[in-house]
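J.: How does the following fold in three dimensions:
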Amino acid sequence: MSLAAIQMTSVDDVGANLDMAAALLRDATAQGARFAVLPENFAFMGRRDRDKLAIAEVDGHGPIQDRLAALARELDLWIIAGTVPIRVDGEERVWAACCVYDSDGVRVARYDKIHLYDIDVPNGGGERYRESASIAPGALQPVVVDTPVGRVGLSVCYDVRFPELYRALVADGAEILIVPAAFTVKTGEAHWDLLLRARAVENLCYVIAPGQCGVHPSGRGTYGHSAIVEPWGRIVSQAGTEPGVVLADRDASHQAELRQGFPALAHRRLQTAYPPSI
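T.: Next up is the predicted model:
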């Protein structure tokens with residue numbers, strides 16, 4: 001069953017973004033995908049960080065969530081929706097919710113981004129981000145979900161720099177790691193491929209990492225280069241800097257052989273937080 005990573009250049013118009021996502025998901029399905037992942041902020045990238053508050057939805061319902069459910073049913077496709085802005089009761093912030101829809105359009109899992117990007121980019125010419133001003137951090141609860149392509153562990157963008165999260169996902173049986181992102185150009189050039197390959201190798205997992213690309217209404221540039229990485233660290237398929245679809249197949253037997261023949265996960269000695277599952 002083919003895996004797809006969807007690369008987008010999202011703007012500050014929810015309807016236009018959903019139409020673009022739908023077209024790319026249809027393209028992925030036409031090429032054989034039955035499991036697709038959208039990038040972080042796929043439905044909206046505003047001119048200001050707090051613009052997302054105006055289009056945030058209640059959990060379980062709204063134009064974004066309803067359209068995703070309908071597309072999953074229409075296309076007979078499992079969809080992981082990068083992040084959807086979900087309202088937080090009693091706050092003027094949102095959760096960055098990574099939502100999983102099965103091929104019947106039923107939401108079967110949700111993960112709220114834990115690690116928030118509050119960063120002054122080194123040598124970035126004043127490039128500065130404060131996600132915590134508009135996003136509430138998710139509960140410290142890793143999320144793994146069973147799917148037709150394997151057991152999938154959820155994460156979002158900046159999470160990729162925190163390997164302890166992925167150890168927790170693997171301890172709960174993850175075979176595929178999801179990293180929807182909107183990486184900056186500066187950090188993407190330095191670290192994107194490196195981090196994705198590291199998370200794949202150290203956990204002997206597939207990694208599916210769809211990204212934003214191009215220049216957005218705020219003037220912010222994102223790196224693109226969406227990728228699918230296999231458990232030995234090889235990038236199986238990768239996009240460039242334009243919107244599109246990246247496809248690959250998961251070879252479950254290859255992964256099982258790697259984990260059996262190279263049992264690094266079972267050799268860990270510091271297992272206080274996350275005992276080995278293999």
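J.: Could you count how many residues lie near residue 149?
T.: Other residues lying near residue 149 total 19 when counted by other C-beta atoms under 10 Å. In this view, the C-beta of every residue, glycine as well, is placed from N, C-alpha and C.
J.: wait, what's in contact with it?
T.: By C-beta atoms under 8 Å, 6 or more residues apart in numbering, the contact set of residue 149 is 1, 3, 34-35, 78, 176, 250.
J.: Among those, which ones are in helices?
T.: Counting by DSSP state H, none of the members of the contacts of residue 149 fall within helices.
J.: just the buried members of these?
T.: Among the contacts of residue 149, the ones that count as buried by 16 or more other C-beta atoms under 10 Å are 3, 34-35, 78, 176, 250.
J.: Make JSON lines from those residues and add distance to residue 133 and pLDDT to it.
T.: Below are the buried ones among the contacts of residue 149 laid out as JSON lines (distance: C-beta to C-beta, whole Å; pLDDT from 0 to 100):
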{"residue": "3", "distance to residue 133": "34", "pLDDT": "97"}
{"residue": "34", "distance to residue 133": "38", "pLDDT": "96"}
{"residue": "35", "distance to residue 133": "34", "pLDDT": "98"}
{"residue": "78", "distance to residue 133": "33", "pLDDT": "98"}
{"residue": "176", "distance to residue 133": "32", "pLDDT": "98"}
{"residue": "250", "distance to residue 133": "38", "pLDDT": "96"}
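J.: May I see the residues you listed organised as a markdown table, with distance to residue 265 added?
T.: Below are the buried ones among the contacts of residue 149 laid out as a markdown table (distance: C-beta to C-beta, whole Å):
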| residue | distance to residue 265 |
| --- | --- |
| 3 | 22 |
| 34 | 28 |
| 35 | 24 |
| 78 | 26 |
| 176 | 15 |
| 250 | 18 |
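J.: so which of the residues you listed would you say is closest to residue 60?
T.: For the buried ones among the contacts of residue 149, the closest approach to residue 60 (C-beta to C-beta) belongs to residue 78, at 18.2 Å.
J.: which residues pair with that closest one across the strands?
T.: Following DSSP bridges, residue 78 is listed with bridge partners residue 35.
J.: okay but residue 96 is in contact with residue 81, surely?
T.: No - at 11.0 Å, residue 96 and residue 81 do not qualify as touching, with contact defined as C-beta atoms under 8 Å.
J.: Please report the distance of the residue positioned nearest the centre of the chain from residue 18.
T.: Geometric centre of the chain, nearest residue: residue 180, 2.1 Å, by C-alpha atoms, centre = their mean. Separation of residue 180 from residue 18 (C-beta to C-beta, to the nearest Å): 16 Å.
J.: One more: residue 173?
T.: Going from residue 173 to residue 18 by C-beta to C-beta gives 32 Å.
J.: Compare those two (neighbour count), which wins?
T.: Legend: neighbour count by other C-beta under 10 Å for residue 173 and residue 18, higher for residue 18 (20 against 14).
J.: Now the more buried one: closest residue in space, sequence neighbours ignored.
T.: Nearest residue to residue 18 in three dimensions, chain neighbours excluded: residue 67, at 5.0 Å (C-beta to C-beta, 6 or more residues apart in numbering).
J.: re earlier: closest one to residue 212 out of the contacts of residue 149, please.
T.: Set against residue 212, the nearest of the contacts of residue 149 by C-beta to C-beta is residue 3 (18.9 Å).
J.: so what secondary structure elements neighbour the longest helix seen in the chain?
T.: Of all the segments of type helix in the chain, defined by DSSP H, the longest one is helix 185-203. Judged by 3 or more C-beta pairs under 8 Å, 6 or more residues apart in numbering; DSSP states H and E, helix 185-203 is in contact with helix 163-171, strand 176-178, strand 206-209, strand 221-223, strand 227-229, strand 235-238.
J.: Can you dump the C-alpha atoms of it in PDB for me?
T.: Extracted C-alpha coordinates of helix 185-203, given in PDB (Å, rounded to 0.1, in the frame of the first residue of the first chain):
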ATOM      1  CA  VAL A 185      14.500  27.700   4.800                       C
ATOM      2  CA  LYS A 186      17.500  28.400   7.000                       C
ATOM      3  CA  THR A 187      17.000  25.500   9.400                       C
ATOM      4  CA  GLY A 188      15.800  23.300   6.600                       C
ATOM      5  CA  GLU A 189      19.000  23.700   4.600                       C
ATOM      6  CA  ALA A 190      21.000  22.800   7.700                       C
ATOM      7  CA  HIS A 191      19.000  20.100   9.400                       C
ATOM      8  CA  TRP A 192      15.900  18.800   7.600                       C
ATOM      9  CA  ASP A 193      17.300  15.700   5.900                       C
ATOM     10  CA  LEU A 194      19.700  15.100   8.800                       C
ATOM     11  CA  LEU A 195      17.000  15.000  11.400                       C
ATOM     12  CA  LEU A 196      14.600  12.900   9.400                       C
ATOM     13  CA  ARG A 197      17.300  10.300   8.600                       C
ATOM     14  CA  ALA A 198      18.400  10.300  12.200                       C
ATOM     15  CA  ARG A 199      14.900   9.600  13.500                       C
ATOM     16  CA  ALA A 200      14.500   6.800  10.900                       C
ATOM     17  CA  VAL A 201      17.800   5.200  11.800                       C
ATOM     18  CA  GLU A 202      17.800   5.300  15.500                       C
ATOM     19  CA  ASN A 203      14.200   4.000  15.700                       C
END
